[in-house]
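Undergrad: A structural model of the following input is requested.
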Amino acid sequence: MKKIIALFGLHFCLFVQAQEYSSVNIHSHNDYASPLPFYEAYANETGVIEADVFLVKNDLAVAHTSQEINPANSLRNLYLNPLLVKFKALGGKAYKSDKPLILMIDIKSDAEATLKVIAEQLNTYPELISNKNFKVIISGNRPSPAKWKDYPAFISFDGRLNETYTAEELSRVEMISEDLKELTVWNGKGVLTQPDSEKIQAIIKKVHDENKKIRFWSTQDNVNTWMTLMNLHVDYIATDNTSALTQFIKNIKSTFYQNTEFYETYVPKNGAVFPKNKRPKNVILLIGDGMGLTQIYAGYTANKGRLNMFNIPTEGFSITKASDSYITDSAAGATAMASGHKTNNRFIGVDEKGKPLESITQLLAKKKYKTAIISCGDITDATPAAFYAHQSDRSYNEAIAEDFLSNPSDILIGGGSNQFKSRKDGKNLVEALQQKGYTFSDHFSTLDTISNARFVVLDNASVVSRKDGRGDFLAKSLSKATATFSKTSNPFFIMAEGAQIDYGGHSNNVEYVVRELLDFDRLVGQAMEFVDKNPETLLIVTADHETGGLSLIDGSTEKGYVHGSFSTNDHTSVTVPVFAYGPGAQNFMGVYQNNEIYSKIMQLLATK
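TA: Here you go, the predicted model:
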């Protein structure tokens, strides 16, 4: 058990440790072999820049092997002269940010003869060797430690694990380095074995107890290796791609999330058994905008292995492509679900030629259904708009808002009040709504005071992100809609959107994604409970598309943390899940096009 706990602790420390990492911890391995020696590493403010040198005709040639020596590639030309230019331009600073810089010179020729020339050359750069933020470390072929005292104080040395030092010798050691292959056969994939992990942790602790820093060479150059070395508290991470590692470190704060708000999930009371021949009277459609399987599993992980969606026994997959694109946007995706017709990206409630499509809210209103449209984003955004508007471009917000005047929906809740009352065209849609019998409010706090069965509540301040304090907007909105509709004998259709899962994906921010996903999942649990109490209701939970190309590279259901990686800041084409609970749920099993969600709903609601 102790070993298992130790493993969890090793992974869990990443977030805390990662906050301490910066480009200072990057070791530009064999920097001279990069496409842009010195300058790429320097541009990323790398902590250590490494150059291998050979002594050739009393000069220092930078090369990996003697066969690769080019006299033009000298230590002066590639590193010392460019460094001097940078130092002078920054008034003596190594970097503009005032971060420190280490030049590691790895000697490939005779140690003493080469180091003698290194010292001589460095002495001609007083601006460098006198700078408190600049250090030179000698690695590779080094003189014996007993002779280190004979070299100038501006020269430090790269120590080894198998060497024993006196106190004086240890004072000249800047870091301890070791070949990782000497400690483990781990190839950078998966995780270290427990014995290897414990062995390496013990070595690192010993080095740190001596107040020295540690690095390993012969490490793989990939994300999993970088993460593992950071988990182990290795001080310098070697890479041949300083830009990629710099970006990875910068992104950790937005790609790692430790959840602190856990909740119990709803367990279906009806045992998920609904007669196969029973048709639903009511439909609740919940759309998690941008919600793919990875977003869902990230929420499951962050809530310590619990999720309402995963308590729904019936699921399928929706293919989201638009008419004109392999990758859909919300406009085409929502239009397909709202009308049963695939259309072009950016089109709202119209077909490929711009002809208006009858939406599910319009069609059901003719059958005496009560309908509601809810979003925790702007109500004129693409997804909610597709359920009431008909426009050839999703950006026509004012025209979209005006379209609601022609839609029979009873309830509209979200943000975007300015499109109704502070319009560029001067029209006041609030007055028009009131004339049509709606109660209008731009304060969400008034929701419970509204007694009218037809109302529009649009409050921009109430649709901020969950992490910025949105609160139970979705839960309260759904409760109000169901309570209002339950006062009549009419059937109802409700579409509620978790809009900001998508925002988090576009922002490539894991915390944003997970907190929005969990808020949406709470709504799912609330809807499941409503179905159990009102078994004539069918619940459908799905998404219009996935956003961000999210993958999970680490996480713990025991601790409730996730670490993700995004491949894009836009939508992707992957299929999205469809969960269904209630009478007719089995119809949503399988894999099908997104517009078939509409068809399946309408088939179930058709009279016998």
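
Undergrad: from memory Ser177 sits against Ser218, does it?
TA: No - Ser177 is beyond contact range of Ser218, at 10.4 Å (criterion: CB atoms under 8 Å). Every C-beta, even on glycine, is put in place using the N, C-alpha and C of the backbone.

Undergrad: Looking at the two, which one has more neighbours?
TA: Ser177 (20 against 11; other CB atoms under 10 Å).

Undergrad: Give me the buried positions along the one helix or strand that one maps to.
TA: Using DSSP states H and E, Ser177 sits in strand 173-179. Using 16 or more other CB atoms under 10 Å as the test for burial, strand 173-179 gives Val173, Glu174, Met175, Ile176, Ser177, Glu178.

Undergrad: What is the most widely separated pair among those residues?
TA: Across the buried residues of strand 173-179, the longest distance by CB to CB is 14.6 Å; it joins Glu174 and Glu178.

Undergrad: got a list of contacts for stretch 317-324?
TA: 327-329, 332-333, 336, 342-345, 352, 542-545, 573-578, 590-594, 596-597 (CB atoms under 8 Å, 6 or more residues apart in numbering).

Undergrad: Could I have the PyMOL command that selects the buried members from these?
TA: Those of the contacts of stretch 317-324 that count as buried under 16+ other CB under 10 Å are selected in PyMOL with:
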select buried, resi 327+328+329+332+333+336+342+343+344+345+542+543+544+545+575+576+577+578+592+594+596+597
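
Undergrad: which ones among the contacts of stretch 317-324 are found in strands?
TA: Cross-referencing the contacts of stretch 317-324 against strands under DSSP state E gives Thr542, Val576, Pro577, Val578, Gly590, Val591, Tyr592, Gln593.

Undergrad: With pLDDT as added columns, please give those in CSV.
TA: Shown next, in CSV, are these (pLDDT from 0 to 100):
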residue, pLDDT
Thr542, 98
Val576, 98
Pro577, 98
Val578, 98
Gly590, 98
Val591, 98
Tyr592, 98
Gln593, 98
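
Undergrad: Put together JSON lines for these, with distance to Ser395 on each row.
TA: Output for the ones in strands among the contacts of stretch 317-324, formatted as JSON lines (distance: CB to CB, whole Å):
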{"residue": "Thr542", "distance to Ser395": "25"}
{"residue": "Val576", "distance to Ser395": "24"}
{"residue": "Pro577", "distance to Ser395": "29"}
{"residue": "Val578", "distance to Ser395": "29"}
{"residue": "Gly590", "distance to Ser395": "35"}
{"residue": "Val591", "distance to Ser395": "32"}
{"residue": "Tyr592", "distance to Ser395": "30"}
{"residue": "Gln593", "distance to Ser395": "26"}
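
Undergrad: Let me know the closest of the residues you listed to Arg306.
TA: Arg306 lies nearest to Pro577 out of these, by CB to CB, at 17.1 Å.

Undergrad: Please name the bridge partners of that closest one.
TA: Phe317 (DSSP bridges).

Undergrad: Let me know the distance separating the closest residue to Asn428 other than its chain neighbours from Leu433.
TA: Spatial nearest neighbour of Asn428, chain neighbours left out: Lys421 (6.1 Å); criterion: CB to CB, 6 or more residues apart in numbering. With distances taken as CB to CB, to the nearest Å, Lys421 is found 10 Å from Leu433.

Undergrad: Just want to know which of the two has more residues nearby.
TA: Between Lys421 and Leu433, counted using other CB under 10 Å, the more crowded position is Leu433 (20 against 16).

Undergrad: and that one, what element?
TA: With DSSP H and E as the test, Leu433 turns up in helix 429-435.

Undergrad: What are the contacting residues of that helix?
TA: With CB under 8 Å, 6+ apart, helix 429-435 has contacts from Ala401, Glu402, Phe404, Leu405, Gln419, Phe420, Lys421, Arg423, Phe440, Val456.

Undergrad: end-to-end on stretch 237-245?
TA: End-to-end distance of stretch 237-245 (CA to CA, to the nearest Å): 9 Å.

Undergrad: in that stretch, what counts as buried?
TA: Ile237, Ala238, Thr239, Asn241, Thr242, Ser243, Leu245.

Undergrad: Could you double-check that the third one sits in contact with Ile26?
TA: Right, Thr239. Yes - using CB under 8 Å, Thr239 is in contact with Ile26, at 6.3 Å.

Undergrad: between those two, what contacts are shared?
TA: By CB under 8 Å, 6+ apart, the residues touching both Thr239 and Ile26 are Leu245.

Undergrad: State the number of residues packed around Ala167.
TA: 6.

Undergrad: Sort out for me which of the buried residues of stretch 237-245 are in strands.
TA: Ile237, Ala238, Thr239.

Undergrad: Now do the contacts for Arg76.
TA: Here Arg76 is in contact with Asp59, Leu60, Gln121 (CB under 8 Å, 6+ apart).

Undergrad: On the three-state scheme, the second one is what?
TA: When classified by DSSP: H, G, I helix; E, B strand; the rest coil, Leu60 comes out as strand.

Undergrad: Surely it and Val53 touch.
TA: Yes - using CB under 8 Å, Leu60 is in contact with Val53, at 4.5 Å.

Undergrad: can you pull out the strands in the stretch 501-608 of the chain?
TA: 537-542, 546-547, 550-556, 561-566, 571-572, 576-581, 590-593 (DSSP state E, counting those that start in this stretch).

Undergrad: which one of the ones you listed is the most hemmed in?
TA: With neighbours taken as mean count of other CB atoms under 10 Å, the strands of the stretch 501-608 of the chain reach their highest mean count in strand 546-547, at a mean of 27.

Undergrad: can you list contacts of that one?
TA: Against strand 546-547 from outside (CB under 8 Å, 6+ apart): 289-295, 501-502, 504-506, 570-572, 574, 576.

Undergrad: quick revisit: mind putting the buried residues of strand 173-179 into CSV with pLDDT?
TA: Output for the buried residues of strand 173-179, formatted as CSV (pLDDT from 0 to 100):
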residue, pLDDT
Val173, 98
Glu174, 96
Met175, 97
Ile176, 97
Ser177, 97
Glu178, 96
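
Undergrad: ok, those vs Val510, which is closest?
TA: Out of those, the member with the shortest distance to Val510 (by CB to CB) is Met175, at 32.3 Å.

Undergrad: For beta bridges, what are the partners of the closest one?
TA: Met175 forms beta bridges with Asp158, Lys213, as assigned by DSSP bridges.

Undergrad: wait, it sits on Gly159?
TA: Yes - if you go by CB under 8 Å, Met175 and Gly159 touch, sitting 6.8 Å apart.
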